[in-house]
Structures are given as structure tokens and as C-alpha cells.
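>>> mind looking at a prediction? Sequence and model below.
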Amino acid sequence: MKKHFVALAAVVCSLTLGACSSDKEVVTLPNGNENFITTDGYNVTKQDVFNAMVEDYGLTALLDLVDYDVLSAKYEIDNEEIDTAIDTYKTIYEDFDQFLKAQGFSSEEELRIYLETNLLRKAAVKASITLTEEEIQAYYEENYVATDEEEETEEEETEEETEVPALEDVRSTIEEKLYTSKMTNEVTTAALAKERAEVGFVIYNEFLQEQYKTVDTDYTATKETADVLAKTDAKSYTLDEVYASLESAYGLSTGVSLVDQHILESKYKVDEKEVKATIDEFKVALGENYYAYMKQYGLNDDQEIYDYFELVKLQEMVFEAEYPISEDKLKELYETSKPDISAYHILVETEEEAKALITQLDAAEDKEEAFKELAIEHSTDTGSATNGGDLGAFSEGDMVAEFEEAAFALEVGTYTAEPVETQYGYHIIYKYDEAEKQSYEDMKEELDYTARQEEYTQTKLELILIKYREEANFKFTSETLQDRYDTIVASIVESE
């Protein structure tokens, strides 16, 4: 059960299979039967990949096109800000072209349009927000005047007093802070929906209309039909435009996902009973919170939940086949494993404080009782101080490395002779108990879980899938997408 909770806590659809595909044909492409990806045993058509893309990203792609056209005709943005951002990317990434490909942009111009769209949306949302003079004055007094008064109180004698800036000198900064605080998701969604409505935005595809109604609750769906997907008063948006936008942004990942799904399902057969048994474990463990818990990870109904756990099982089968966990590996882990220990600790801010407390412990007759009393009086760890610094029992991996190394090295009934420094401060640790080490057989399941956590990494999974695609002679029909794919693969292989 533990491993499934860990799996669910990872990014949902880490394999990007199953849940990312769709058999639903939302819009029929005129050239939908043309191949998008070819392999020796299975080809992905443009219609296949479009079906998968449009369900998850179709509305996003359409609104990106619409918002850029609508907002660029109404608002001005600072192009220098975009130039600076692009120059920064070029400075950070030595191979800028590789960066563009990895991020899904076919050119610098695509990146520029993406950045422009974000700034235009921000400008539109700001225009929908009204700031009052009272709000600006209140922010100024709270964050400039009051702060300065507090500093003067804390530092009675200063060589040079900090001068409070005039309101007009910081007005633009205050306004930007207030705008940002008011740009909630609700405000942003409403402002952009209003901008689209004002230019007569209409969607002619029923599926996309239903999706958009969840974004703009005031939108009235049309029953009219047209040979375009959507339009505004100034422009129409064709199927080809939306497809091109989707292909550029999501074609690579979606196409790869469809192929991977087919390859793995042809290699490995998942037992439906095992998947349902795992789901039943969650239902029992979570009770009435089961569906709410699943929704936290984007799993909204029984089919999505089943597809996900089928995916998890498929991932396990891939790893077990390619990187089997041997008995020798488990025995090696057993030999190096340590039983749980129990300890008290005292946490203080400085090394000098810690050393002074150790000196007091050295002089005490009943060192355990003295340790607990000092923890109550001096420890800054409020969670354990009231209990004499008692941390209870803990296992390897539960504590930060420096603390763990020192604690496990102690004999029962002894404490650290020198302060132990961690990111939290300086610790004195007293080890008061050590559990008896379990037998190999009793620990075998836990050891297997630990081995999987160490061996089954995302990079290894990606390398397995790359190998499977190579064996199937995987190839995009688009040279641009194939070039981007090759760049990403090279980067993964280099990181091994």
C-alpha cells in the first residue's frame, strides 16, 4: 500500500500514457489519415494526435490565438521587457536553440509571441482593476511609515536615521504591489472573458463551447455552424490554425505518449484484478475521503482512477523487466540497514550555547534527567521541548543527514560530545533506546520497497522508453518535431 501512496504523490501520468490519450473525435481533420509518427508495427495519424491534444489543450491553444489578436489591438506592452527576458535566456542557456526546442518553441519568434501574450493578458487584467487613493495611502503607511517607526524603536541610537520616502517616490511600486495582490484567478478569468465578449467571440465547436462555458459562465453557446472553429468581429480562427498551434506546443509529447502506450501495452499485460485490488485498498484506507483525495491528483472519476493505477502497474512491470531487484541486492540492503532508535535533543541557535549545555551535562550525575530538564528550559524546538526534547522513535531517512549520522553513531545512554550543526541550528542529541533489528524475512517487503525507490528513477524510465522506441524504428513525419525529439533524447542520455 505504501508504494502506491508514494506513486500517487508523484506527478500524475508521469509516463504520460493512457490518461493522455483519447478515442473521442472532437473535430475531423481533412488530412487526419496522414501519419504523424511511424513505427514498424504501429502508426499514429494526425487525427489520433489531434484527438488527444484537443481534449486537453484545444481550448488553451484557441484562446492563446484569440487573446493575442484581441489584446494586441487594444493594449501596449513594454517590448524592452521581452527583449531583456530573451537576452537572459540566451545568457543562461549556452545553446539557445536547444533550449527553444526543449521548451516546445520552433523559433525565437514563437517564444516572443508567448511572452507578449502573457504581458498583454496582464495589461488587460490590470485595466479591469481600480485602485483607490485610500488603498494606496493605507499601503504606504503600513509598509513604509510604520516600518520606519518600528526600526527607530528597535534601534534607539543610530548614526544615521533612515528617511521615509515620499509617497510619490514609491507610488508606482505600491500600485504594482496592489495590482498583483488583486490579480486572483477569478479576477483574471473574468477580465479576459469580458475582453473576448466585447469583440463578439463565438466558438462553433460544441465540445470546445462546453469547455469554455466552465471558463466564462456568462457565455451563451451558439447553435450555428460554420467552416471555422471560432471567430471575433475582426477575425476567424480555422481548424488549420488551431492544429498548427497545438502541434507546435503539444504534438511532440502527445505523439510520444500515444506510441509509448501502444508499445508497452503490446509488451506487458496488466491484470485487471490486481489494479482493482489496489484501488480497493485505497477505498478502505481513505473511506469517505476517497474521491476527494483522488481529485487532488486530477483523477475525477472511476475511469480516470482505474486508468491511472493501470498506468502505475504498467510502470512497475517495465521496471521489473528491465531492472529486476535481486536477492543479493535485498541482502546487501539488510546488512547495511539499522534498527529504529529513540532520542532526545536540544536545539539552540549558537555553537557557544550548545557547548555550555554539554558542559552542564558532563557535570550532572543523572545525565538523562539533566538532559530532559535542559531541553525544557533551553531548546528552541517547541514541538519536543515540553517533552524533555523527546523525538520518539525514528528510522534512517527520517532526519536531516547531519543529525541522523550523529544520532545513529551513539551508544544507548550517551549524548553527542560536540554540538551537531544542521540547517536548523545546533543540536545536542541523547540516544535513549534502540530497537532490536528485525529478521531478513520480516524486513524483506520493506527492503524491496527501499530498493525500488533507489533503482526506479524517472531518468531510467525515460531511457527504457527511448530504447523501446528505437527498437520500433520510431520517427516523426515532421522534420521539425523529429529534430526537437532528437535534441531532448540527447539531453536525457547525457544526464544518465
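Looks like it came in fine. Numbers count the residues shown, from 1 in each chain.
>>> could you use CA atoms for every contact and neighbour count after this?
Will do.
>>> quick one, helices of the stretch 351-496 of the chain?
With DSSP state H, counting those that start in this stretch as the criterion, the stretch 351-496 of the chain has helices at 351-363, 367-378, 382-385, 401-409, 440-455, 458-471, 479-494.
>>> show residues contacting the fifth one.
Looking back up the chat, that one is helix 440-455. Residues outside helix 440-455 that contact it (C-alpha atoms under 8 Å, 6 or more residues apart in numbering): K3, Y323, I325, K329, L330, K331, L333, Y334.
>>> pull up the gap between T238 and E198, please.
To E198, T238 is 21 Å away according to C-alpha to C-alpha, to the nearest Å.
>>> one more: Y323?
Taken as C-alpha to C-alpha, the span from Y323 to E198 is 58 Å.
>>> what of I464?
51 Å.
>>> and those two? Which one has more around it.
Remark: of I464 and E198, I464 carries more neighbours, 16 against 11, as counted by other C-alpha atoms under 10 Å.
>>> tell me how many other residues crowd the nearest residue to the more buried one once chain neighbours are set aside.
Nearest residue to I464, sequence neighbours excluded (C-alpha to C-alpha, 6 or more residues apart in numbering): E322, at 7.7 Å. Other residues lying near E322 total 12 when counted by other C-alpha under 10 Å.
>>> now for the helix ranked longest in the chain, which elements pack on it?
Ranked by residue count and defined by DSSP state H, the top helix of the chain is helix 46-72. Judged by 3 or more C-alpha pairs under 8 Å, 6 or more residues apart in numbering; DSSP states H and E, the packing partners of helix 46-72 are strand 35-38, helix 108-127, helix 185-198, helix 206-215, helix 239-246, helix 252-267.
>>> continuing past it, what's the next helix or strand?
Counting by DSSP states H and E, the next helix or strand C-terminal to helix 46-72 is helix 79-92.
>>> for that next one, buried residues please.
By 16 or more other C-alpha atoms under 10 Å, the buried positions in helix 79-92 come out as I82, I86.
>>> which residues sit against that helix?
By C-alpha under 8 Å, 6+ apart, helix 79-92 touches F96, R112, L115, E116.
>>> need phi/psi at M399.
phi -110, psi 170 (degrees, to the nearest 10).
>>> now do A166
Torsion angles at A166 (phi, psi; degrees, to the nearest 10) stand at phi -70, psi 150.
>>> can you tell me how far it is from E142?
14 Å.
>>> what do you get for E441?
Using C-alpha to C-alpha, one gets 63 Å for the distance from E441 to E142.
>>> ok, now A277?
Relative to E142, A277 is positioned 57 Å away (criterion: C-alpha to C-alpha).
>>> OK, contacts around L239?
L239 sits in contact with L29, V228, L229, where contact means C-alpha under 8 Å, 6+ apart.
>>> the second one: what's it in contact with?
Yep, that's V228 we're talking about. V228 sits next to Y204, S236, Y237, T238, L239 when contact means C-alpha under 8 Å, 6+ apart.
>>> make TSV out of the residues you listed and add distance to L311.
Converted to TSV, those look like this (distance: C-alpha to C-alpha, whole Å):
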residue	distance to L311
Y204	35
S236	40
Y237	36
T238	35
L239	32
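>>> buried among the residues you listed? Make that a PyMOL selection.
Remark: buried members of the contacts of V228, expressed as a PyMOL selection using 16+ other C-alpha under 10 Å:
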select buried, resi 204+236+237+239
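>>> if we take the contacts of V228, which one ends up nearest to A73?
The shortest gap between A73 and any of these belongs to S236, at 15.3 Å (C-alpha to C-alpha).
>>> with adjacent residues omitted, what lies nearest to Y212?
Leaving out its chain neighbours, the residue that sits closest to Y212 by C-alpha to C-alpha, 6+ apart is L59, at 7.1 Å.
>>> list the contacts for that neighbour?
Contacts for L59 (C-alpha under 8 Å, 6+ apart) come out as L208, Q211, Y212.
>>> which of those residues lies closest to E176?
E176 lies nearest to Y212 out of these, by C-alpha to C-alpha, at 29.9 Å.
>>> ok, now how distant is that closest one from A409?
Taking C-alpha to C-alpha, one finds Y212 at 60 Å from A409.
>>> neighbour count: the two, which is higher?
A count of neighbours by other C-alpha under 10 Å puts Y212 above the other of Y212 and A409, at 19 against 11.
>>> against E224, how distant is the more buried one?
Per C-alpha to C-alpha, Y212 is found 16 Å from E224.
>>> A226 reaches Y204, doesn't it?
Yes - the pair A226 / Y204 is scored as a contact, 6.4 Å apart, by C-alpha atoms under 8 Å.
>>> Y344 versus S337, what's the distance?
Here the criterion is C-alpha to C-alpha. By it, S337 lies 22 Å from Y344.
>>> more crowded one of those two?
Taking neighbours as other C-alpha under 10 Å, S337 and Y344 compare with Y344 leading, 25 against 14.
>>> ok, that one - contacts?
F371, K372, G388, G389, D390, L391, G392, I429, Y430, K431, Y432.
>>> who does the helix or strand where L347 lies pair up with?
Following DSSP H and E, the helix or strand that holds L347 is strand 341-348. Applying DSSP bridges, strand 341-348 is found paired with strand 390-394 (antiparallel), strand 425-434 (antiparallel).
>>> any idea of the angle the shortest one forms with helix 367-378?
Computed with axes from the mean of the first three to the mean of the last three C-alpha atoms, to 10 degrees, the direction of strand 390-394 lies at 120 degrees from that of helix 367-378.
>>> outside of strand 390-394 itself, list whatever touches it.
D340, I341, S342, A343, Y344, H345, K372, S384.
>>> among these, which pair sits farthest apart?
Maximum pairwise distance among the contacts of strand 390-394 (C-alpha to C-alpha): 20.6 Å, between D340 and K372.
>>> more neighbours, these two?
K372 (22 against 16).
>>> from S379, how far out is the closest residue to the more buried one other than its chain neighbours?
In space, and not counting its chain neighbours, K372 is closest to G388: 4.0 Å by C-alpha to C-alpha, 6+ apart. Using C-alpha to C-alpha, G388 is found at 9 Å from S379.
>>> so the two - more neighbours on which side?
Legend: neighbour count by other C-alpha under 10 Å for G388 and S379, higher for S379 (25 against 21).
>>> what does the model give the more buried one for pLDDT?
At S379, the model reports a pLDDT of 97.
>>> list the contacts of E351.
By C-alpha under 8 Å, 6+ apart, E351 lies in contact with P419, Y426.
>>> by mean pLDDT, flag the weakest helix or strand of the chain.
Least confident element among the helices and strands of the chain, by mean pLDDT, DSSP states H and E: helix 2-9 (a mean of 40).
>>> run the chain-centre distance for the longest helix of the chain.
In terms of C-alpha atoms, centre = their mean, to the nearest Å, the centre of helix 46-72 is found 23 Å from the chain centre.
>>> list the buried residues for that helix?
By neighbour count on 16+ other C-alpha under 10 Å, the buried set for helix 46-72 is 46-55, 58-72.
>>> also stretch 439-447?
For stretch 439-447, the neighbour count (16+ other C-alpha under 10 Å) marks K444, E446, L447 as buried.
>>> just the CA trace of stretch 419-434, in PDB.
The C-alpha atoms that make up stretch 419-434 are tabulated as PDB, following Å, rounded to 0.1, in the frame of the first residue of the first chain:
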ATOM      1  CA  PRO A 419      27.300  20.200  19.000                       C
ATOM      2  CA  VAL A 420      25.800  18.900  15.800                       C
ATOM      3  CA  GLU A 421      25.200  21.600  13.200                       C
ATOM      4  CA  THR A 422      22.200  21.400  10.800                       C
ATOM      5  CA  GLN A 423      20.200  23.900   8.800                       C
ATOM      6  CA  TYR A 424      18.000  24.400  11.900                       C
ATOM      7  CA  GLY A 425      20.800  25.300  14.300                       C
ATOM      8  CA  TYR A 426      23.000  23.400  16.800                       C
ATOM      9  CA  HIS A 427      21.800  20.200  18.400                       C
ATOM     10  CA  ILE A 428      22.800  18.100  21.400                       C
ATOM     11  CA  ILE A 429      21.500  14.500  20.900                       C
ATOM     12  CA  TYR A 430      20.900  11.900  23.600                       C
ATOM     13  CA  LYS A 431      20.100   8.300  22.400                       C
ATOM     14  CA  TYR A 432      18.000   6.500  24.900                       C
ATOM     15  CA  ASP A 433      16.800   3.400  23.100                       C
ATOM     16  CA  GLU A 434      17.500   1.200  20.100                       C
END
